[in-house]
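Student: for reference, the sequence and a predicted model appear below.
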Amino acid sequence: MEKKRRFLNTPAGTKPFFLEESLFRSEIVKLLSNYFSRWGFIPITPPIIDYYDIYENLFSEELSKGSIKFVDRNGDIVLLRNDIALFCAKIVASRLSSNNNILRYFYSDTIIRGENNNLPEEYYQIGCELVGEEFSYQEIELITILMESKKELGIKDCILHIGDISFYNKILKDIDETYYLDILEAIRNRDRSSLKKIVDSLKLDENIKKDCILASNFIGTFDQLLNLPLSNIGKEALSNLINIGTIIMKIYNNDEIIFDLSESPKLKYYNGIIFKLYSKESGNIVASGGRYDLVYKKLGMNKKSVGFSYYLQQLEKILDFDNFIKEKNIEKIKIGDINGENPFIKAINDIKNGKNIEILY
């Protein structure tokens, strides 16, 4: 009975797809892959298994607990892929020469990690990354690709939140890392009471304390961001986000983008702009990304990097299958007596001529 149960089910956390579900996902991946290619991005395929110690210092405690690790035949600790951006970065770092060339690549594959109660689950991501020596407007490029790709998908009910973790890096640069991470966690959890207790316990300039509390509560338009009453130190720390916002808001409007200084990533490798695409209806995150130079620093390279990923499970919830999958004209070919005209030759010729066929028996 137990063997039959295992045959009829898959392990907890796995997400198999069948027929129409698989077709739906395949069409989404195809559309996005083609779109990223048109922007000059090339595909990359990271390994499914890699050495754990390479990434250990880049994982949050939560991500490490939710990862599947085991010892291989050589006695090394390895893990199943739990973050495509990290696994891709290692490939790039091991092969990329130290020149000024910009590398643009995209990926589409599964990851396995614990998101809820640290229980490992299978997720599918598709995204793109940009790596280079010096950055000018590369963050603008990636935000633009995300915003325009959602239009290609026909998404209308989403809004992009843009924040900047470097703001907190700069104003809190003199405090111990443990306190800094506690502050970021309180901001991420919208735990204003804990945040105030931590900030008040530290020997910080009163203006810095006020800037931290004020920023952690800010979600608003770009004009409201410009008028945020920060100290001179706070305004200087916010200048990177202001520069990006000045350019991006000439392309998009307040219905599409808002600025959110309460955005604080769970992953420790982000060091600059961060952004998340939210579904207005469900509130779920459909895509997320940001600047993560710290990954390459940990891998021993002086590279800048920015990227984003779509979460396919959330994306599929807001896309309409019937509208997304275009019904194709299919020529049905009946296989009867093949002693006369060979129907398989007709099938071959129809395929060569760009037709869609279905063989009937």
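Tutor: Cool, the structure landed.

Student: strands of the protein, start to end?
Tutor: Per DSSP state E, the chain carries strands over the ranges 42-43, 49-51, 69-71, 77-80, 103-114, 120-132, 158-164, 219-220, 257-260, 273-279, 285-291, 304-311, 330-334, 356-360.

Student: what's the closest of those to Ala93?
Tutor: For the strands of the chain, proximity to Ala93 was assessed by Cβ to Cβ; strand 120-132 is nearest, at 8.9 Å. (C-beta placed from N, C-alpha, C; glycine too.)

Student: how about the strands of the chain in a markdown table, adding mean pLDDT?
Tutor: Shown next, in a markdown table, are those (pLDDT from 0 to 100):
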| stretch | mean pLDDT |
| --- | --- |
| strand 42-43 | 96 |
| strand 49-51 | 94 |
| strand 69-71 | 92 |
| strand 77-80 | 93 |
| strand 103-114 | 91 |
| strand 120-132 | 91 |
| strand 158-164 | 96 |
| strand 219-220 | 96 |
| strand 257-260 | 97 |
| strand 273-279 | 96 |
| strand 285-291 | 96 |
| strand 304-311 | 95 |
| strand 330-334 | 85 |
| strand 356-360 | 88 |
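
Student: so which of those strands is nearest Thr14?
Tutor: In this view, the strands of the chain are compared for proximity to Thr14 by Cβ to Cβ, and strand 120-132 is the closest at 5.1 Å.

Student: C-alpha coordinates for that closest one, CSV please?
Tutor: Coordinates of the C-alpha atoms in strand 120-132 are reproduced here as CSV (Å, rounded to 0.1, in the frame of the first residue of the first chain):
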residue,chain,number,x,y,z
PRO,A,120,12.0,23.0,0.9
GLU,A,121,9.8,23.6,-2.1
GLU,A,122,10.4,23.6,-5.9
TYR,A,123,10.1,27.0,-7.6
TYR,A,124,10.6,28.0,-11.2
GLN,A,125,12.3,31.3,-12.1
ILE,A,126,13.1,33.1,-15.4
GLY,A,127,15.1,36.3,-15.3
CYS,A,128,18.0,38.2,-16.7
GLU,A,129,21.3,39.7,-15.3
LEU,A,130,23.8,42.3,-16.4
VAL,A,131,27.4,42.2,-15.2
GLY,A,132,30.2,44.7,-15.9
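
Student: what helices or strands is that strand leaning on?
Tutor: In this structure, strand 120-132 makes packing contacts with helix 20-38, helix 84-95, strand 103-114, helix 138-153, strand 304-311, helix 312-318, judged by 3 or more Cβ pairs under 8 Å, 6 or more residues apart in numbering; DSSP states H and E.

Student: pLDDT weak spots in the chain?
Tutor: When the per-residue scores of the chain are filtered using pLDDT under 70, the ranges that remain are 1-8, 13, 97-100, 115-119, 327-328, 337-340.

Student: give me the most central residue, it.
Tutor: Centroid-nearest residue in the chain: Ser309, 2.5 Å away (criterion: Cα atoms, centre = their mean).

Student: was I right about that residue contacting Ala85?
Tutor: Yes. With contact defined as Cβ atoms under 8 Å, Ser309 and Ala85 form a contacting pair (7.0 Å).

Student: so what's in contact with those two at the same time?
Tutor: Overlap of the contact sets of Ser309 and Ala85 (by Cβ atoms under 8 Å, 6 or more residues apart in numbering) consists of Gly127.

Student: count of neighbours near the closest residue to Gly289 other than its chain neighbours?
Tutor: Take Gly289 and drop its neighbours on the chain: the residue closest to it by Cβ to Cβ, 6 or more residues apart in numbering is Phe308, 2.5 Å away. For Phe308, the number of neighbouring residues by other Cβ atoms under 10 Å comes to 24.

Student: what's near enough to touch Asp72?
Tutor: Contacts were defined as Cβ under 8 Å, 6+ apart; by that measure Asp72 touches Val78.

Student: roughly how far apart are it and Asn82?
Tutor: Distance, Asp72 to Asn82, using Cβ to Cβ, to the nearest Å: 17 Å.

Student: circling back: got CSV for the helices and strands packed on strand 120-132, with distance to Ala347 too?
Tutor: What follows is the helices and strands packed on strand 120-132, written out as CSV (distance: least, Cβ to Cβ, whole Å):
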stretch, distance to Ala347
helix 20-38, 21
helix 84-95, 38
strand 103-114, 30
helix 138-153, 32
strand 304-311, 36
helix 312-318, 32
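
Student: rewinding a little: compare the strands of the chain and give me the one nearest Ser94.
Tutor: strand 49-51 (11.1 Å).

Student: list the buried residues in the closest one.
Tutor: Taking 16 or more other Cβ atoms under 10 Å as the basis for neighbour counts, the residues of strand 49-51 that come out buried are Asp50.

Student: also stretch 139-159?
Tutor: Buried residues in stretch 139-159, defined by neighbour count with 16+ other Cβ under 10 Å: 139-147, 149-150, 153, 155, 158.

Student: how about CSV for those, with distance to Asp200 added?
Tutor: Rendered in CSV, the data for the buried residues of stretch 139-159 read as follows (distance: Cβ to Cβ, whole Å):
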residue, distance to Asp200
Glu139, 34
Ile140, 38
Glu141, 41
Leu142, 37
Ile143, 35
Thr144, 41
Ile145, 42
Leu146, 38
Met147, 39
Ser149, 43
Lys150, 41
Leu153, 45
Ile155, 42
Cys158, 37
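
Student: tell me the one among these nearest to Glu177.
Tutor: Of all those, the one with the least separation from Glu177 (Cβ to Cβ) is Glu139, at 25.2 Å.
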